[in-house]
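Enquirer: With the input below, show me the fold.
(one chain, ligands or ions: 2)
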Amino acid sequence: MFKLGLTGGIGSGKTHVANLLASWGATVIDTDLIAHQLTAPGGSAIDAIRESFGPELIDMNGALDRARMRELVFSDASRRAQLEGILHPRIAQEVLRQAQEATGIYAVFVVPLLIESGRWRDRIDRLCVVDCEEETQIARVQARSGIPAETIRRIMAAQVSRGERLAAADDIISNMANTSLSDLEKQVLVLHKAWCNLA
Ligand SMILES: CC(C)(COP(=O)(O)OP(=O)(O)OC[C@H]1O[C@@H](n2cnc3c(N)ncnc32)[C@H](O)[C@@H]1O)[C@@H](O)C(=O)NCCC(=O)NCCS
Ligand SMILES: Nc1ncnc2c1ncn2[C@@H]1O[C@H](COP(=O)(O)OP(=O)(O)OP(=O)(O)O)[C@@H](O)[C@H]1O
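Expert: Ligands and ions are numbered 1, 2, ... in the order given. As a prediction, the model looks like this:
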């Protein structure tokens with residue numbers, strides 16, 4: 001099956017693009033979604049997180065306290081590596097499981113840390129980057145979640161730069177501050193048709 005890697009910085013628009021591709025028949029495998037499921041109440045990473053980080057990082061429903069963990073790991077790289085050490089192998093296992101069950105026209109792997117991880121490039125046929133200005137990333141994430149701009153900047157600092165991402169791309173979707181959702185959809189449809197041909 002043809003495998004597309006879809007990446008982009010926080011708030012760039014990956015989820016919106018992935019939802020369009022899914023609605024046109026691609027199978028979408030989203031690592032952020034998997035990470036959320038692993039850390040929901042009863043999720044298979046909860047016990048390991050409690051053991052490594054203490055019960056104060058688990059909320060009263062038994063889910064990861066995301067706001068607290070966000071503040072912790074994006075101000076301390078060693079704590080971030082510790083969390084990634086728990087989550088990334090479990091995410092990889094679930095990605096493999098979902099990929100084996102994929103029945104769409106092609107498979108889309110939505111991976112925010114695709115370039116950072118270095119392990120993905122050989123596993124995909126083509127890499128698409130969703131791109132926007134850094135200030136637009138901050139504005140979109142703030143509008144969606146109310147996370148302070150300073151925290152968003154720290155999350156962005158834990159990711160590759162916009163330039164590095166663009167340099168690695170086979171295809172680029174330009175989703176700037178002045179890109180309307182209908183302009184975005186038009187760009188994505190052109191690429192989807194090309195990927196269908198490759199598939
Ligand atoms: C720290 C956590 C709890 C904060 O949760 P929160 O709800 O605020 O964010 P969410 O998980 O929805 O991720 C939003 C975005 O943050 C960025 N991000 C998440 N984790 C990381 C990371 N380890 N390094 C750099 N950026 C990251 C990505 O752009 C992602 O799309 C969460 O991000 C997490 O568990 N991160 C570790 C797992 C991971 O590496 N996920 C990335 C997908 S593989
Ligand atoms: N062209 C656009 N016009 C208006 N709003 C947009 C546009 N693109 C994305 N958005 C909005 O910006 C926010 C971020 O988009 P989205 O969730 O798709 O990004 P993401 O890359 O998946 O983010 P994250 O890395 O945080 O998971 C969403 O609320 C989305 O609806």
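
Enquirer: make it CA atoms for all contacts and neighbour counts henceforth
Expert: OK.

Enquirer: Name the residues that touch stretch 95-103?
Expert: For stretch 95-103, contacts defined as C-alpha atoms under 8 Å, 6 or more residues apart in numbering pick out 27, 29, 31, 107.

Enquirer: ok, so of these, who is nearest ligand 1?
Expert: Nearest to ligand 1 among those is Thr31, at 5.0 Å by C-alpha to the nearest ligand atom.

Enquirer: Per-residue pLDDT of the nearest residue to the closest one once chain neighbours are set aside, please?
Expert: Nearest non-adjacent residue to Thr31, counting by C-alpha to C-alpha, 6 or more residues apart in numbering: Val111, 5.6 Å away. Per-residue confidence (pLDDT) for Val111: 98.

Enquirer: Can you get me a residue count around Val111?
Expert: Around Val111 there are 20 other residues, counting by other C-alpha atoms under 10 Å.

Enquirer: so what's it up against?
Expert: Taking C-alpha under 8 Å, 6+ apart, we find Val111 in contact with 5-7, 30-32.

Enquirer: Of those, which ones also sit close to ligand 1?
Expert: 31-32 (C-alpha under 6 Å from any ligand atom).

Enquirer: okay if I get the contacts of Val111 as TSV plus neighbour count and secondary structure?
Expert: Formatted as TSV, those follow (neighbours: other C-alpha atoms under 10 Å; DSSP: H, G, I helix; E, B strand; the rest coil):
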residue	neighbour count	secondary structure
Gly5	24	strand
Leu6	28	strand
Thr7	25	strand
Asp30	20	strand
Thr31	20	helix
Asp32	15	helix
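
Enquirer: for the contacts of Val111, which one is nearest Arg121?
Expert: Lowest distance from Arg121 to the contacts of Val111 (C-alpha to C-alpha) belongs to Gly5, with 8.2 Å.

Enquirer: Look up phi and psi at the closest residue to ligand 1 within the chain.
Expert: Ligand 1 sits closest to Ile10 of the chain, with a gap of 3.6 Å, by C-alpha to the nearest ligand atom. Taking degrees, to the nearest 10, you get phi -50, psi 130 for the backbone angles of Ile10.

Enquirer: and the helix or strand hosting Val108, which strands flank it?
Expert: Using DSSP states H and E, Val108 sits within strand 107-110. Note on strand 107-110: by DSSP bridges, its sheet partners are strand 3-7 (parallel), strand 27-30 (parallel).

Enquirer: Could you list the residues in contact with it?
Expert: Counting by C-alpha under 8 Å, 6+ apart, 1-7, 14-15, 18, 26-32, 99 sit against strand 107-110.

Enquirer: how about 6 Å then?
Expert: For strand 107-110, the external contacting residues (C-alpha atoms under 6 Å, 6 or more residues apart in numbering) are 3-6, 26-30.
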